[in-house]
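Chemist: Turn this into a model:
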Amino acid sequence: MTLIDFLGFSGAFLIGIILGLMGGGGSILTVPLLVYLLSYNPVVATAYSLFVVGMSSVVGIIQKHQEKLVDFKTGLAFSFPSFLAVYMSRRYVVPNIPDEIFSLNGFVLTKEMAIMVFFAIIMLLAAISMIKRKPKFDGPFKKQAYYKTFVQALVIGTITGLIGAGGGFLYVPALVLWAGLNMKNAVGTSLVIIAINSIIGFLGDLHTLDIDWEFLLSFTFLTILGILLGGYLSKYISNKKLKKGFGWFVMVMAIYIMIKEFS
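Modeler: Numbers count the residues shown, from 1 in each chain. You can find the predicted model right below:
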């Protein structure tokens, strides 16, 4: 095992710890780790990330279900349009993005560059959502018409499919504002959507990519071990302070990706 491989697998374990500590967020580092440290193509990296996120979310569902914080009915209802969008984007949209999107005065926007820049933008949004103080959503809720939720889930699913991240920072507020769940139940329920979306999105990639199963399963196994350790440590560490600090770290990473891609 080379030093790079060691650092990569150590990163997988660290991502798992972050996921276990905060219930989300760590998966957004999987793609940069695979691309910049382990030198995977962004398309392959987003596919691998979907698998890691999907398997990790299943572990999270088990943990949250034991705490009675998962609304399976709402999660499955929201999942249907979302996983359709994830699968279609991975199966048809990503493979058909041209390798060279456009060029202007010597600047060439490639497919790989576009994916990473879009990913960095989503990272920035995620960082802001973790840093800022979230409003309390207490009081009566009125569920919106399902067709609106259907369209919104299609949009979120498409974004999730393109960037290969879990999208919890998008699904949690959606479940609070549109389905009327409280924050804790929204976090637990979002894992159902994330797990289904990620696994089905990955299935879309099986038609177009050759998967290194030995690496992927090893990487995922270490991430899950990290989740179990993080879940244990979460009893002793302030989730609020940790999430804010991690938000700043994600913001720095997003800026780094932007600089690296445009330099």
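
Chemist: What is the subsequent helix or strand relative to the helix or strand of the chain with the lowest mean pLDDT?
Modeler: Ranked by mean pLDDT, DSSP states H and E, the helix or strand of the chain with the weakest confidence is helix 168-179, at a mean of 76. For helix 168-179, the following helix or strand on the C-terminal side (DSSP states H and E) is helix 183-205.

Chemist: For that next one, buried residues please.
Modeler: 183, 185-205 (16 or more other C-beta atoms under 10 Å). C-beta: built from backbone N, CA, C; applies to glycine.

Chemist: Wait, residue 156 touches residue 167, no?
Modeler: Yes - the criterion here is C-beta atoms under 8 Å, and residue 156 meets it with residue 167 at 6.0 Å.

Chemist: more neighbours, these two?
Modeler: In this view residue 156 and residue 167 are compared by other C-beta atoms under 10 Å, and residue 167 has more residues nearby, 28 against 21.

Chemist: residues in contact with that one?
Modeler: 156, 159-160, 194, 197 (C-beta atoms under 8 Å, 6 or more residues apart in numbering).

Chemist: so how many other residues sit close to residue 228?
Modeler: Residue 228 has 14 neighbouring residues, counting by other C-beta under 10 Å.

Chemist: do you know how far the spatially closest residue to it that is not a sequence neighbour is from residue 53?
Modeler: Spatial nearest neighbour of residue 228, chain neighbours left out: residue 20 (6.5 Å); criterion: C-beta to C-beta, 6 or more residues apart in numbering. Residue 20 is 14 Å from residue 53, where distance means C-beta to C-beta, to the nearest Å.

Chemist: same deal with residue 104?
Modeler: As judged by C-beta to C-beta, residue 104 and residue 53 stand 35 Å apart.

Chemist: Tell me which residues of the helix or strand hosting residue 155 come out buried.
Modeler: Using DSSP H and E, residue 155 sits in helix 146-163. By 16+ other C-beta under 10 Å, the buried positions in helix 146-163 come out as 149, 152-154, 156-163.

Chemist: Output the below-cut-off pLDDT ranges for the stretch 151-263 of the chain.
Modeler: Applying pLDDT under 70 to the stretch 151-263 of the chain picks out residues 164-166, 169, 239.

Chemist: ranges for the strands of the stretch 1-150 of the chain?
Modeler: 100-104, 107-110 (DSSP state E, counting those that start in this stretch).

Chemist: okay, those strands, which one's buried deepest?
Modeler: strand 107-110 (a mean of 13; mean count of other C-beta atoms under 10 Å).
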